[in-house]
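*Asks:* Quick one, structure for this:
(one chain, ligands or ions: 1)
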Amino acid sequence: MSKKTVERVSKGLSGTIRVPGDKSISHRSVMFGSIANGTTTVEGFLPGEDCLSTISCFQKLGVSIKQNQDTVTIEGNGWDGLTEPAEILDVGNSGTTTRLMLGILATRPFHSVLIGDESIAKRPMSRVTVPLREMGSQIDGRDHGNLTPLSIRGGHTKGIRFQSKVASAQVKSAILLAGLQSEGETSVTEPEKSRDHTERMLEAFGVEVTYDGLTVSVTGGQQLKGRHIVVPGDISSAAFFLVAGAIIPNSKITLTNVGMNPTRTGIIDVMLEMGATLTIENEKDVNNEPVADLTIETSTLKGIEIGGGIIPRLIDEIPIIALLATQASGETIIKDAEELKVKETNRIDTVVSQLKILGANIEATEDGMIIRGGNALHGGETDSFGDHRIGMTMAIAGCITSEPVTVKQSEAIAVSYPTFFEHLKSLRKE
Ligand code: S3P
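*Replies:* So this is what the prediction gives:
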């Protein structure tokens, strides 16, 4: 276990960084390339631990995948190219790997076992295993198939009309992926729209997807065709430096090539509403996904209320938004965010407990948190609890606290942003 200490930034942050590839899109590029016919090449892949877990699982399923830094080549042989793995499939810390792979394995006529780390072992999987069983797949595991280790014997499956209780792209994607190899039509209806990278990338791979409001549908029997994928930068990683630039005095940072998919840009809406000096330039489309360059300057911020349909558009950014809110005048209320309880950690608990260590005025609520901003934070010893986004939030907090902040289990940051500390160092003016 490693421990990092971050010291206050005295002269501001300045410069330009290219944020690493989007985690959600990187996972999907490997998965879809693995079930496609022909070669898929990926550029801008995120070589974070989560996405490397996805590569290793598909290699165990018999797919030839070569990865070198942010370049990946996958030799897909279609759905039937996946073969029964001799080994257990280890998903590491990755919920996306677990849930999307369950959707793919649900229709494969062989047996496989999924296992992950301590955090994965606590995360609810029945949100996908229940509908996948209803489609005809055999899945079992601890807690009646809710918790890993999970065993799957896929087979003949039938399409369903699934009404999801949660706005979750992992749930939607798992069911749609199973639907691609099931009899008839499969549709998923969500309470709010979740990120739509699966739909966009399936279309890029030649799959027909239909939309009707909050319902997405596919018909069974569709094949994917290998292609070249360019992965945009991850707005969820950019978020840490957007907040750093806004709250650290004398700062101006440009983040290039940031993915601007509207299902992910809630953080930008929130920062603008709070009064951030944030500009968006060079907007363009790459592979069916919008990207832009963002520039953030030190800002005077005010508290706001965040809830409802925006929550799925910023769910992964709530830890760093909570830090932002500690530096805004007035109160920030985050509500409708119960999903935080089932992320890599219970992020209501971890955000509140760790920011309190630094003197933040923050309290947990049933579905979010309330932050009273405007007070200076002090140093202290914090813990990521193995959650990459908690680790990075605490590291950015250390840039503004009067004394240093220590982050225990800082190695977790490599799950999504292996070059985080290098980027932070390169932006310091001192
Ligand atoms: C993801 C979906 C979200 C998000 C996670 C990545 C994805 O999870 O929090 O980091 O790639 O589909 P849920 O689907 O559980 O909301």
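
*Asks:* Test my guess that Glu366 contacts Ala337.
*Replies:* No: using C-beta atoms under 8 Å, Glu366 is not in contact with Ala337, being 10.0 Å away. Any C-beta I mention is one placed from the backbone N, CA and C, and that applies to glycine too.

*Asks:* neighbour-wise, which of those two wins?
*Replies:* Ranked by neighbour count (other C-beta atoms under 10 Å), Glu366 and Ala337 place Ala337 first, with 21 against 9.

*Asks:* Spit out the contact partners of that one.
*Replies:* By C-beta atoms under 8 Å, 6 or more residues apart in numbering, the residues touching Ala337 are Gly307, Ile311, Ile315, Ile318, Ile348, Asp367, Gly368.

*Asks:* got a list of what the fourth one touches?
*Replies:* Residues in contact with Ile318, defined by C-beta under 8 Å, 6+ apart, are Ile334, Ala337, Leu340, Arg347, Val351, Gly368.

*Asks:* Spatially nearest residue to the last one, not counting backbone neighbours?
*Replies:* For Gly368, ignoring the flanking residues on the chain, the nearest one in space by C-beta to C-beta, 6 or more residues apart in numbering is Ile334 at 3.8 Å.

*Asks:* isn't the one you found right next to Ile306, touching?
*Replies:* Yes: with contacts counted by C-beta under 8 Å, Ile334 reaches Ile306, the gap being 4.9 Å.

*Asks:* shared neighbours of those two, anything?
*Replies:* Ile321, Gly368.

*Asks:* what bridges to Arg161?
*Replies:* Taking DSSP bridges as the rule, Arg161 bridges to Ser187.

*Asks:* Give the burial count for it, as a bare number.
*Replies:* A count of nearby residues for Arg161, using other C-beta under 10 Å, gives 12.

*Asks:* my read: it touches Ser187, true?
*Replies:* Yes: using C-beta under 8 Å, Arg161 is in contact with Ser187, at 5.0 Å.

*Asks:* which residues touch the nearest residue to Leu46 once chain neighbours are set aside?
*Replies:* Nearest non-adjacent residue to Leu46, counting by C-beta to C-beta, 6+ apart: Gly21, 3.8 Å away. If a contact means C-beta under 8 Å, 6+ apart, then Gly21 has Gly44, Phe45, Leu46, Asp70, Val231, Pro232, Gly233, Asp234 as its contacts.

*Asks:* which of these are buried?
*Replies:* Gly44, Phe45, Leu46, Val231, Pro232, Gly233, Asp234 (16 or more other C-beta atoms under 10 Å).

*Asks:* beta partners of the nearest residue to the fifth one once chain neighbours are set aside?
*Replies:* Translated: Pro232. Nearest non-adjacent residue to Pro232, counting by C-beta to C-beta, 6+ apart: Gly259, 3.6 Å away. Beta bridges link Gly259 to Val291, judged by DSSP bridges.

*Asks:* Gly259 against Val291, yeah?
*Replies:* Yes: Gly259 is within contact range of Val291, at 5.8 Å (criterion: C-beta under 8 Å).

*Asks:* who has more neighbours, those two?
*Replies:* Neighbours were counted for Gly259 and for Val291 using other C-beta under 10 Å; Gly259 has more, 25 against 22.

*Asks:* Could you pull up the mean pLDDT of stretch 39-49?
*Replies:* Mean pLDDT, computed over stretch 39-49, is 98.

*Asks:* Going forward, the N-terminal residue is numbered 58.
*Replies:* Let's use 58 as the start, then, which means that last one is stretch 96-106.

*Asks:* And it, what's buried?
*Replies:* Within stretch 96-106, the residues that count as buried by 16+ other C-beta under 10 Å are Thr97, Thr98, Val99, Gly101, Phe102, Leu103, Pro104, Gly105, Glu106.

*Asks:* Out of those residues, which sit inside helices?
*Replies:* Those of the buried residues of stretch 96-106 mapping onto helices are Glu106, per DSSP state H.

*Asks:* Can I get the buried residues of stretch 96-106 in TSV including distance to the ligand?
*Replies:* Formatted as TSV, the buried residues of stretch 96-106 follow (distance: C-beta to the nearest ligand atom, whole Å):
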residue	distance to the ligand
Thr97	18
Thr98	21
Val99	16
Gly101	16
Phe102	14
Leu103	11
Pro104	17
Gly105	12
Glu106	14
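
*Asks:* In strands, which of the buried residues of stretch 96-106 fall?
*Replies:* Among the buried residues of stretch 96-106, the ones falling in strands (DSSP state E) are Thr97, Thr98, Val99.

*Asks:* Tell me the helix or strand right after whatever helix or strand Ile112 lives in.
*Replies:* Here Ile112 sits within helix 106-117, counting by DSSP states H and E. For helix 106-117, the following helix or strand on the C-terminal side (DSSP H and E) is strand 121-125.

*Asks:* got the angle for that following strand vs helix 106-117?
*Replies:* Taking axes from the mean of the first three to the mean of the last three C-alpha atoms, to 10 degrees, one finds that strand 121-125 is oriented at 150 degrees with respect to helix 106-117.

*Asks:* Sheet-wise, list the partners of strand 121-125 with their directions.
*Replies:* Strand 121-125 pairs in its sheet with strand 128-134 (antiparallel), by DSSP bridges.

*Asks:* Kind regards, and thank you for your time.
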